[in-house]
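no sequence on this one, just coordinates:
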């Protein structure tokens, strides 16, 4: 009887809980994953978040609308322009202002440049997560050129405070359009190079193809948006489906995952959708640069932002997905309440669902393909 | 089966493609390299237009600066700052007073005196929001479009957080008092006092000079702000650095190698020197110079022992003390021996000191005896020891007060005066040259100084060299000449 008990205690295989993070190079920020494993197979993942919580929404209740913009920068710090833009769109809806056309064009150019920059980081770090170091340095090198453009534009390289409710803080600097087009000419061959180096690499495909498949219905149920959802073949892009700003004026495609290297919605598809989106963004920028009208960018900026009593929800397709700002105004220059919908938060919530049954090393790849930014999740 | 092979073929192919790309980049590394060697190379800051025309104005994100003469204390920037890093206080003079607050460069009559305008750059988020509402355009980020007003400054690291708080208000206490700001001054002083009390409450007391002697000691350094203790490394009798006197690189290398080998074998000084000499003559590199250096190391001639009173080191720890000199009792400390310049003599003295300390004998006598036995007791050492014999006597070294960390011209002269007037003045410290204002001149002077020092030139020779070199470059201005004169006369 006793022997049996000892044998049981020694031989019994139980679930092991493994902590990944909070400080881990592949968690893209301060994220802790409690991974329940059976041997090396993952049975459940509990993401523990909040390490970067800075009370963004509470801060907003004490800051005027102008002052909130730099704080939105710090939510998704890899796509700050998108955050500025999303917040500004919501406030403009509340204020009901008509924007000069030039402002809209500038915003689109900047937002698409920002999308390329953000995707470059996503792809580079994704490669880094699965062990490819060279693509990361190349991606960062190209992103640096975009940051240079932004520095010439507004002086800052990461946290811009450029897009304001009612306009943009400054007009384009001289030769900005030429430099942007130069960059695009330089960048197109770089995408091919990137594909040759990483996307079609056999080792990379083995790590990502058929891994962590996200079925479309699961994605929709969990509220996954952005490239992560489009990788599963769901044609949902706010720029097409609910065009804001002037996106309806441009001709571009919405790339979808096709299961080229495995099943539709696998990790590789989510990765490759971002590569294709960079090409589409380049397309939009070229069109916008060609049509860029003249005008005053400060025309519509209100002297004092004091919206009428009311509430508004603004949606925006950021590099990570559907960003939403829900603002309640009580007629003062300070909002009563600001609620932000974070796309990366919803995308992270699906991790446990799709990583179940895969190995620990695959969790890294799947997490990387979701392209989360903890600054936005924790805000 | 065919899938198996096509897989292998695809794998090899994609691998080779990647390698080819990498190689391609490697071959073109000159054109495609992206790395900048940071402190030496810097990323170019984008070209910008100068001016505040909104159609052309591009901004820059760097340190905030305020032209306080233009500030009308409208508080707009303080209100707009999302993180409250700007803090402004102002005093409004009473109506009947004749205080003139000045006129801004936009010809606006100022109505208040700015008594406080601090920006905590460690809190600043560089959002630039404070710049836009300013009606007088007096707050701006330096460089870029504002380069004419203030040169760019985006690398302003500090060792303490206090250094990140920039105070721009320049109103003196008298001006504030004239404008009726007595209450404000009171409040400020009360706050400062509270802050300094807080420092003490939190246990942050200024460092005391470390006391190594077990005997009762009057603590000399507690009241001082921060005694700078520049203690020389405890001198071994003979170490590898002694060989640096050998000029030829090859010879020095051989000598050092032999030194290390001998040292590892646990040999004593004489044996090490013999080994070094042997190794050098084996290599056929033994010259007269080296021979003399080695001789000097084995038995230093008495003339070589020139004591130097270190104005920077030993005296400073005492000099900053604010204890009245009459109550000061000088205790014989091992650090006091650091003023003996000759390494060998210092080693002997320290050895004797420690032995005496352990056995409880009179340390001064022990050191004197040890130095005398070794034949190294010269005038200066004697004098040093004598100063300690009469323990309660007046301090032998006059105290020099150096308040600033960076020795100004005055302080340099003062600390020189504090040095003991020896027979032939020892070579002055390189820090004395810091009094020279102009960077270029200072660099040149230091270069000449180092060359002179390496050639073992005397004080007068080095000063002569400095004069000649600087005159040749046309950089010898009055202030520099004065410094040199001071150095020459030894005070």
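Received it, and whenever you're ready, just let me know what you need. Nothing here was measured: the structure is a model prediction, and the numbers come from that model.

for the rest of this, base every contact and every neighbour count on C-alpha atoms.
Noted.

run through the strands of chain B in chain order.
Assigned strands in chain B, in chain order: B:64-66, B:86-91, B:113-120, B:139-141, B:165-167 (criterion: DSSP state E).

tell me which helix or strand of chain A sits lowest on mean pLDDT?
The least trusted helix or strand in chain A, going by mean pLDDT, DSSP states H and E, turns out to be helix A:2-11, with a mean of 69.

quick one: name whatever helix or strand follows that helix.
Using DSSP states H and E, the helix or strand that follows helix A:2-11 in sequence is strand A:16-20.

contact partners of that next one?
The contact list for strand A:16-20, computed with Cα atoms under 8 Å, 6 or more residues apart in numbering or on different chains, reads A:32-39.

likewise stretch A:356-364?
A:26-27, A:40-45, A:129-130, A:207, A:211-212, A:355.

ok, back up a step: between the contacts of strand A:16-20, which is nearest residue B:450?
Of all these, residue A:32 has the smallest distance to residue B:450: 56.4 Å, by Cα to Cα.

that closest one: how many residues sit nearby?
Using other Cα atoms under 10 Å in any protein chain shown, the number of residues around residue A:32 comes to 19.

ok, it to chain B distance?
28 Å (Cα to the nearest Cα, to the nearest Å).

what sits against that residue?
By Cα under 8 Å, 6+ apart, the neighbours of residue A:32 are A:19-23, A:47-49.

would JSON lines of those residues with pLDDT and neighbour count be doable?
Formatted as JSON lines, these follow (pLDDT from 0 to 100; neighbours: other Cα atoms under 10 Å in any protein chain shown):
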{"residue": "A:19", "pLDDT": "86", "neighbour count": "15"}
{"residue": "A:20", "pLDDT": "84", "neighbour count": "19"}
{"residue": "A:21", "pLDDT": "75", "neighbour count": "18"}
{"residue": "A:22", "pLDDT": "81", "neighbour count": "17"}
{"residue": "A:23", "pLDDT": "74", "neighbour count": "12"}
{"residue": "A:47", "pLDDT": "88", "neighbour count": "18"}
{"residue": "A:48", "pLDDT": "88", "neighbour count": "15"}
{"residue": "A:49", "pLDDT": "86", "neighbour count": "16"}
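
what residues does the stretch 151-300 of chain A have near chain B?
With Cα under 8 Å from any Cα of the partner chain as the criterion, the stretch 151-300 of chain A meets chain B at residues A:151-156, A:159-161, A:170-171, A:173, A:193, A:196-198, A:200-203, A:296.

at 7 Å what do you get?
For the stretch 151-300 of chain A, the residues in contact with chain B (Cα under 7 Å from any Cα of the partner chain) are A:152-156, A:161, A:170-171, A:173, A:196-197, A:200-202.

ok, back up a step: which one of the strands of chain B lies closest to residue A:265?
strand B:139-141 (48.1 Å).

the residue of chain B found nearest chain A and residue A:34, how far apart?
As assessed by Cα to the nearest Cα, chain A sits closest to residue B:60 within chain B, at 4.2 Å. According to Cα to Cα, to the nearest Å, residue B:60 stands 43 Å off from residue A:34.

go on, residue A:333?
Counting by Cα to Cα, the gap from residue A:333 to residue A:34 is 43 Å.

does the lengthiest helix in chain B reach chain A?
Looking across chain B with DSSP state H, the single longest helix is helix B:2-27. Yes. Contact of helix B:2-27 with chain A (Cα under 7 Å from any Cα) involves B:10-11, B:14-15, B:17-18.

by contact count, what packs against that helix?
helix A:202-208 (3 or more Cα pairs under 7 Å, 6 or more residues apart in numbering or on different chains; DSSP states H and E).

domain-wise, how is chain B divided?
Taking automatic domain parsing as the reference, chain B has its domains at B:2-32, B:64-187, B:240-304, B:314-389, B:427-489.

can I get those in TSV including mean pLDDT and distance to residue A:337?
Shown next, in TSV, are those (pLDDT from 0 to 100; distance: least, Cα to Cα, whole Å):
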stretch	mean pLDDT	distance to residue A:337
domain B:2-32	83	49
domain B:64-187	79	17
domain B:240-304	69	70
domain B:314-389	65	58
domain B:427-489	77	56
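
including mean neighbour count, could these go into a markdown table?
Converted to a markdown table, the domains of chain B look like this (neighbours: other Cα atoms under 10 Å in any protein chain shown):
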| stretch | mean neighbour count |
| --- | --- |
| domain B:2-32 | 13 |
| domain B:64-187 | 17 |
| domain B:240-304 | 15 |
| domain B:314-389 | 18 |
| domain B:427-489 | 16 |
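
make a markdown table out of those domains and add distance to residue B:197.
Shown next, in a markdown table, are those (distance: least, Cα to Cα, whole Å):
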| stretch | distance to residue B:197 |
| --- | --- |
| domain B:2-32 | 58 |
| domain B:64-187 | 15 |
| domain B:240-304 | 48 |
| domain B:314-389 | 20 |
| domain B:427-489 | 35 |
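
bridge partners for residue B:119, pull those for me.
Judged by DSSP bridges, the bridge partners of residue B:119 are residue B:86, residue B:166.

what sits against it?
Contacts for residue B:119 (Cα atoms under 7 Å, 6 or more residues apart in numbering or on different chains) come out as B:85-87, B:165-167.

once you drop chain neighbours, what's closest to the residue in the stretch 51-200 of chain A positioned nearest to chain B?
Relative to chain B, the nearest point of the stretch 51-200 of chain A is residue A:155 (4.2 Å; Cα to the nearest Cα). With sequence-adjacent residues excluded and distances taken as Cα to Cα, 6 or more residues apart in numbering or on different chains, residue A:155 is closest to residue B:60, at 4.2 Å.
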